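J.: The sequence and its predicted three-dimensional model are supplied below.
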Amino acid sequence: MISLILAKKILSLFLVMALGIVLVRCGIVRSRDSKVLSMISLYLVMPCVIISSFQVKYQPEILNGLLLALATAVLLHLVLIVVVGFLGKVLKLDGVEETSLIYSNAGNLIIPIVTAILGKEWVIYTSAFLSVQLFLLWSHAKMKLCGEKGIDLKKILTNINMIAIFAGVLLFLLQIQLPAPVQDAVDSISSMVGPMGMLILGMLIAEMDLKKLMSYHRLWWITLLRLVGIPLIGIVLLKYSGLAALVPEGRTILLVTLLAICTPSASTLTQMAQVYGKDADYASAINVVTTLLCIVTMPLMVALYQM
């Protein structure tokens, strides 16, 4: 049942993406205009989503669930770093390919999907995965892309989503509720996260060079590993580790984590590849193709987890 709801939600988001393509192809907007929407999404919409998710009544079960989600996110990322590191040596993967396999586009897709199939009350658990991924993106992923070791604490601590997570946790622990008009405004902005992300992607796809896309011969193998191989590792760990028994509703909390790793490759990697002089076009191609194909793979992975 959840797989069917998930497929319908992803399909609706893809229709929004198609509208983004149409807007560019009809000459109404240009592909580069998506940068403005990206800034709005990053600095306004996502922080509102995160803060809104923490506006729930304090319960020990929720705190324990958050700790489980955090521990699971750390465990999964460590396992993926080891496994992909081994594959990187065997298959001679470059930095863009390795990071595209490890890091998912959880920020843009996971929140609207979790809201649609599980309900708003479960969105709080996505923050645990996002915080772990943000930390590793600016430490491990940065090292893989530019060869520099060390943790970029400034990038991590000043990241707007990390600031929103800190603020949300503080509001949750102190049980500070936003005034009704403010909460309504935050909720209204939060509802834009899925459609805006897919609209931006559609605008970017509209001007992509399809011939160049097809010239990346290893793209399809990377896509297969990202959408099938990596989620299967997650399913085995989450389903058979016994972690779900540690807290009430543990199986559903772990489903949130699984949904996060089933999403396409992280769009942030394209921006990082540009900054560090790597093949940003290749990173973008992986992101686009995995996004287009996840409509099939994500429901299948969820169905396997529920069997």
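T.: Looks like it arrived, so ask away.
J.: which residues does Ile205 contact?
T.: Ile205 sits next to Met17, Gly20, Ile21, Val288 when contact means Cβ atoms under 8 Å, 6 or more residues apart in numbering. Glycine gets a C-beta too; all of them are placed from N, C-alpha and C.
J.: Just the buried ones from those residues?
T.: Neighbour counting over the contacts of Ile205 (16 or more other Cβ atoms under 10 Å) leaves Met17, Gly20, Ile21, Val288 as the buried ones.
J.: and which of those is nearest Val96?
T.: Val288 (13.6 Å; Cβ to Cβ).
J.: if I look at the closest one, how far off is Ile156?
T.: Computed as Cβ to Cβ, to the nearest Å, the Val288 to Ile156 distance reads 27 Å.
J.: Please apply the same query to Cys146.
T.: Relative to Ile156, Cys146 is positioned 16 Å away (Cβ to Cβ).
J.: do the same with Lys57
T.: From Lys57 across to Ile156, the span is 30 Å (Cβ to Cβ).
J.: contacting residues around the residue positioned nearest the centre of the chain?
T.: Centroid check for the chain by Cα atoms, centre = their mean gives Ala106 as the closest residue, at 0.9 Å. By Cβ under 8 Å, 6+ apart, Ala106 lies in contact with Thr126, Phe129, Leu130, Gln133, Ala260, Ile261, Thr263, Ala266.
J.: who's in contact with the last one?
T.: Shown here is Ala266, whose contacts under the criterion Cβ under 8 Å, 6+ apart are Thr99, Ser100, Tyr103, Ser104, Asn105, Ala106, Gly107, Gln133, Leu137, Asn287.
J.: Find the nearest non-adjacent residue to it, please.
T.: Residue nearest to Ala266 in three dimensions, not counting chain neighbours: Tyr103, with 4.1 Å by Cβ to Cβ, 6 or more residues apart in numbering.
J.: Quick check on the one you found: phi, psi?
T.: Dihedral pair for Tyr103: phi -100, psi 130, per degrees, to the nearest 10.
J.: okay, it: pLDDT?
T.: What the model reports as pLDDT for Tyr103 is 95.
J.: again with the one 3 residues further on
T.: Here the pLDDT value assigned to Ala106 is 82.
J.: isn't Asp33 right up against Met203?
T.: Yes. Counting by Cβ atoms under 8 Å, Met203 is a contact partner of Asp33 at 6.8 Å.
J.: So between these two, which is more surrounded?
T.: Met203 (25 against 14; other Cβ atoms under 10 Å).
J.: To which secondary structure element is that one assigned?
T.: Assigned by DSSP states H and E, Met203 belongs to helix 193-205.
J.: cool, and Lys155?
T.: For Lys155, the host element (DSSP H and E) is helix 153-157.
J.: Need the CA coordinates for that helix. CSV is fine.
T.: The C-alpha trace of helix 153-157 is given here as CSV (Å, rounded to 0.1, in the frame of the first residue of the first chain):
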residue,chain,number,x,y,z
LEU,A,153,33.4,23.2,10.3
LYS,A,154,32.6,26.7,9.1
LYS,A,155,30.6,25.3,6.1
ILE,A,156,28.8,22.8,8.4
LEU,A,157,27.9,25.2,11.2
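J.: Let me see the residues that make contact with it.
T.: With Cβ under 8 Å, 6+ apart as the test, helix 153-157 has contacts from Leu134, Phe135, Trp138, Ser139, Met162, Ile163.
J.: show me what contacts Thr72?
T.: Listed by Cβ under 8 Å, 6+ apart, the contact partners of Thr72 are Ala128, Leu238, Leu243, Ile253, Leu254, Thr257.
J.: isn't there a strand covering it?
T.: No. Counting by DSSP: H, G, I helix; E, B strand; the rest coil, Thr72 is located in no strand; its state is helix.
J.: one step back: let's see if you can find the most crowded of the contacts of Ala266.
T.: Counting neighbours by other Cβ under 10 Å, Ser100 leads the contacts of Ala266 with 30 neighbours.
J.: Flag every buried residue along the helix or strand hosting Pro231.
T.: Using DSSP H and E, Pro231 maps to helix 230-240. Buried residues in helix 230-240, defined by neighbour count with 16+ other Cβ under 10 Å: Ile230, Pro231, Ile233, Gly234, Ile235, Leu237, Leu238, Lys239.
J.: And for stretch 49-68?
T.: Buried residues in stretch 49-68, counted by 16+ other Cβ under 10 Å: Val49, Ile50, Ile51, Ser52, Ser53, Phe54, Gln55, Val56, Ile62, Gly65, Leu66, Leu68.
J.: for stretch 296-307, same thing?
T.: Judged by neighbour count (16+ other Cβ under 10 Å), stretch 296-307 contains these buried residues: Thr297, Met298, Pro299, Leu300, Met301, Val302, Tyr305.
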